[in-house]
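> make a model of this:
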Amino acid sequence: MLTLPPKVTTRAFERLAEIGAFADGKALRIGVKGGGCSGFEYEIDLDEAKDNDLILEGFGQKVVIDSISLPFLSDATIDFNEELIGARFVIENPNASSSCGCGVSFSM
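Numbers count the residues shown, from 1 in each chain. Below you'll find the model as predicted:
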């Protein structure tokens, strides 16, 4: 099976630049762990890059994904959405067969 790296949208990188946490050497960490109402859930946090992380860079910003989470995020798109109910980073994952209403958990 071909594994394609995740993509980060321009809008997500621009929002990371607005946050300004990267002056401290932090990156946006995207991970997957077991749990949630659909079987797996996304973890999104600010963290430092570690050995064996995939580092996606753009506009002077970094998004990092650990090697264990990477297969679950093959060809996914990391974006930033602003809606009336709030603003958040979102993951459009073509590998997910279903997801919960809030978009935080998914199944494969």
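
> what segments of the chain are strands?
Along the chain, counting by DSSP state E, strands occupy 7-8, 27-35, 39-47, 54-58, 61-65, 77-83, 86-92, 98-99, 105-107.

> middle-most residue in the chain, spatially?
Nearest to the geometric centre of the chain sits residue 30, at 3.8 Å (Cα atoms, centre = their mean).

> so that residue bridges to which residues?
residue 44, residue 65 (DSSP bridges).

> export the strands of the chain to CSV and tack on mean pLDDT and distance to residue 14?
All C-beta atoms are positioned from the backbone trio N, CA, C, and that covers glycine. Below are these laid out as CSV (pLDDT from 0 to 100; distance: least, Cβ to Cβ, whole Å):
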stretch, mean pLDDT, distance to residue 14
strand 7-8, 97, 10
strand 27-35, 89, 12
strand 39-47, 88, 16
strand 54-58, 95, 9
strand 61-65, 95, 8
strand 77-83, 93, 8
strand 86-92, 90, 12
strand 98-99, 60, 25
strand 105-107, 54, 25
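
> ranking those by burial, who's on top?
Highest mean neighbour count among the strands of the chain (mean count of other Cβ atoms under 10 Å): strand 61-65, with a mean of 22.

> name the residues that touch that one?
Outside strand 61-65, the residues within contact range by Cβ atoms under 8 Å, 6 or more residues apart in numbering are 6, 8, 12-13, 16-17, 22, 27-31, 47, 49-50, 53-57, 73, 78.

> sorry, back to before: and the residue nearest to the centre of the chain, how far from residue 11?
15 Å (Cβ to Cβ, to the nearest Å).

> likewise for residue 97?
With the distance defined as Cβ to Cβ, residue 97 ends up 26 Å from residue 11.
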